[in-house]
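>>> mind looking at a prediction? Sequence and model below.
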Amino acid sequence: MARKAFDTFEAVSAVVPREGGYYAAIATKAIGGSGAPRFHKLLAEQTFKTARDADEAAALELTHLKGVGEDGDLIW
């Protein structure tokens, strides 16, 4: 799992299970906030056989992330 912190949000690499594999994802949450993180699927046309492969792809995408908007949307 890779992590990147911004002013008011943090983002971590994540996976979302699907039948037959996993999607790469980035989860965002307000720093110090309560509640569940918001998951953003990445590379929607691509699925991975293992959670590890999906997390590695998400970690690579996380390096390109410029920020997280006030509403939790990803800024590329």
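Done, it's in. Residues are numbered from 1 along each chain as shown.

>>> my guess is Gly20 contacts Thr47. True?
Yes. The pair Gly20 / Thr47 is scored as a contact, 7.0 Å apart, by C-beta atoms under 8 Å. The C-beta positions use only the backbone N, C-alpha and C, and glycine is treated the same way.

>>> more crowded one of those two?
Thr47 (16 against 7; other C-beta atoms under 10 Å).

>>> beta partners for the residue nearest to the more buried one when sequence neighbours are not counted?
Among residues not flanking Thr47 along the chain, Gly21 sits closest, at 4.1 Å (C-beta to C-beta, 6 or more residues apart in numbering). Note on Gly21: beta-bridge partners Arg18, judged by DSSP bridges.

>>> number of nearby residues for Gly21?
If you count neighbours by other C-beta under 10 Å, Gly21 ends up with 15.

>>> quick one: residues contacting it.
47-50, 54 (C-beta atoms under 8 Å, 6 or more residues apart in numbering).

>>> which one among the residues you listed gets closest to Thr28?
Relative to Thr28, the closest of these is Ala54; by C-beta to C-beta it sits at 17.0 Å.

>>> that closest one and Gly67, how far apart?
Distance of Ala54 to Gly67, given as C-beta to C-beta, to the nearest Å: 23 Å.

>>> higher neighbour count, the two?
Ala54 (26 against 14).

>>> now do the strands in the chain.
3-5, 9-18, 21-30, 38-42, 67-68, 74-75 (DSSP state E).

>>> as a markdown table, these with distance to Leu60 and mean pLDDT would be great.
As requested, the strands of the chain are exported to a markdown table (distance: least, C-beta to C-beta, whole Å; pLDDT from 0 to 100):
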| stretch | distance to Leu60 | mean pLDDT |
| --- | --- | --- |
| strand 3-5 | 12 | 96 |
| strand 9-18 | 8 | 96 |
| strand 21-30 | 9 | 96 |
| strand 38-42 | 10 | 96 |
| strand 67-68 | 18 | 94 |
| strand 74-75 | 14 | 96 |
